[in-house]
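1. here is a sequence together with a model predicted from it:
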Amino acid sequence: MPISTLFVGIDVSERSNQVCAVNFNQDKFFNSPFANSPSGCDLMIQKLIEVMKDHEELKKIEICLESTGVFHFHVANYLAKDDRLKKYGCKVYSMNAKSIAAYKKSYIELEKHDPGDALICADFVRVGRCKNSQPARDFQKFALQRLTRQRKNVAEATANEKRRALNNLFLKYSDLVVNTGDESYFNHTFSHTLMHILTDYVSVEDIIAAPYEELIDKVCEYSKNRFSDSEAVAKAIKKMARDSYRLDKVAADALSVTLACQFRLIETYKNEMKMLDKEIERLVRGLKDNYFRVLMSIPGFGIVCAAGIIAEIEDISLFKNDGHLASYGGYRWKRKQSGEKESENTKQPYASNTYFRYYITEATSHLIRNNSEYNVFYHKKYNETIKNQHKRALVLTTRKCIRLVFGLLRKNQLFDPNHLDNTSV
């Protein structure tokens, strides 16, 4: 019963935690700061226990704190796992700061300060706004999340560096960028072989003047003889140099230094990605739940994508339905309509998990290539509009994939292509 519960709000910061404790009638027992450290948490727990002993009508404790960066992590785990609080059925809720900020607007006269923020957190849990308990994160999944999130950051950094490098490549080797395609030897512009050859020569003229034998030797060396016809590759490099614009020596030298730096960064990012992939695979295979086995049964779902989804979902029971899970990833749209006009361009919400959205979208792109039903659905949505065709089709297919993932995880069921319609709950 709420009347027998002690409601605690914690305003978390890097150095201290402001703690406010109230009962259901909003009687305030204390509103005091404690150090954000193990000793500070011990003092906080002692204070809470004293309140419980002094007021025999209180039987349970519910604690609410903002999910503020990483500062809330230690105190939330410390309180949730403390044996002294467990006998009071202590529940710890880590809530989105935006939800609490929106609730705070109902307090018109309240000023912005730590005691007031702690009071808002206590009242937030008192009125029942914390519907789903957020238990202390399993340390294995927390470690997995650190790895998968870093991998996403490295992947995005690689893509950004490649985009910038393409601009400089066009300035120095314009024909390379223009004619890169499936029929070209350079359909992978940032291949190990091509990046080394382009940085070995300062200018386009140096490539043109280089003997064929020298180019062939470099192609064989850098590719480790992976090309079936190294001579043809050398001729293609010569042709690319002849058909590119010419630059003066000052500009060519500056671009050479810039490209060499960018290529080294890209190579470094690639090596870091490989290291992260190995560590993610090692960690995710050691998890005790069945989520990994279920996700890996879906065609195209790789180890890294499955690990990223698991790290962000944590517990599928926290989501009421597939719509709730889709909203968590930002796959819901605000309607934009006026009169008889219905806009197709609608914005995704800001309050969503970008990491879950990244991995579920990546996994869906692989699923499209490996499952005929999802491939047909993607192309159907692709042909329904003339604007943002790929983006729209991929987003809608991802929404369909989320329904599949939710159903399989909720039922602890492996993927069966013959029963796709029965996976939703």
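-> It's in.

2. quick one, strands of the stretch 301-425 of the chain?
-> 337-338, 341-342 (DSSP state E, counting those that start in this stretch).

3. can you check the stretch 51-200 of the chain too?
-> According to DSSP E, counting those that start in this stretch, the strands that the stretch 51-200 of the chain contains are 60-66, 91-95.

4. please identify the most buried of the ones you listed.
-> strand 60-66 (a mean of 24; mean count of other CB atoms under 10 Å). Any C-beta I mention is one placed from the backbone N, CA and C, and that applies to glycine too.

5. what residue ranges in the stretch 51-200 of the chain score low on pLDDT?
-> Within the stretch 51-200 of the chain, the stretches with pLDDT under 70 are 110, 131-138, 177-190.

6. cutoff 90 now
-> Applying pLDDT under 90 to the stretch 51-200 of the chain flags the ranges 56, 66-74, 76-77, 80-81, 86, 89-117, 127-143, 162-163, 165-200.

7. residue boundaries of the helices in it?
-> 71-80, 83-86, 97-104, 114-126, 139-172, 174-178, 192-200 (DSSP state H, counting those that start in this stretch).

8. JSON lines for the ones you listed, including distance to Val8 and mean neighbour count?
-> Shown next, in JSON lines, are the helices of the stretch 51-200 of the chain (distance: least, CB to CB, whole Å; neighbours: other CB atoms under 10 Å):
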{"stretch": "helix 71-80", "distance to Val8": "9", "mean neighbour count": "19"}
{"stretch": "helix 83-86", "distance to Val8": "10", "mean neighbour count": "13"}
{"stretch": "helix 97-104", "distance to Val8": "14", "mean neighbour count": "15"}
{"stretch": "helix 114-126", "distance to Val8": "6", "mean neighbour count": "22"}
{"stretch": "helix 139-172", "distance to Val8": "23", "mean neighbour count": "17"}
{"stretch": "helix 174-178", "distance to Val8": "59", "mean neighbour count": "17"}
{"stretch": "helix 192-200", "distance to Val8": "56", "mean neighbour count": "19"}
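
9. can you redo these as JSON lines with distance to Val294?
-> Shown next, in JSON lines, are those (distance: least, CB to CB, whole Å):
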{"stretch": "helix 71-80", "distance to Val294": "27"}
{"stretch": "helix 83-86", "distance to Val294": "31"}
{"stretch": "helix 97-104", "distance to Val294": "30"}
{"stretch": "helix 114-126", "distance to Val294": "33"}
{"stretch": "helix 139-172", "distance to Val294": "15"}
{"stretch": "helix 174-178", "distance to Val294": "43"}
{"stretch": "helix 192-200", "distance to Val294": "36"}
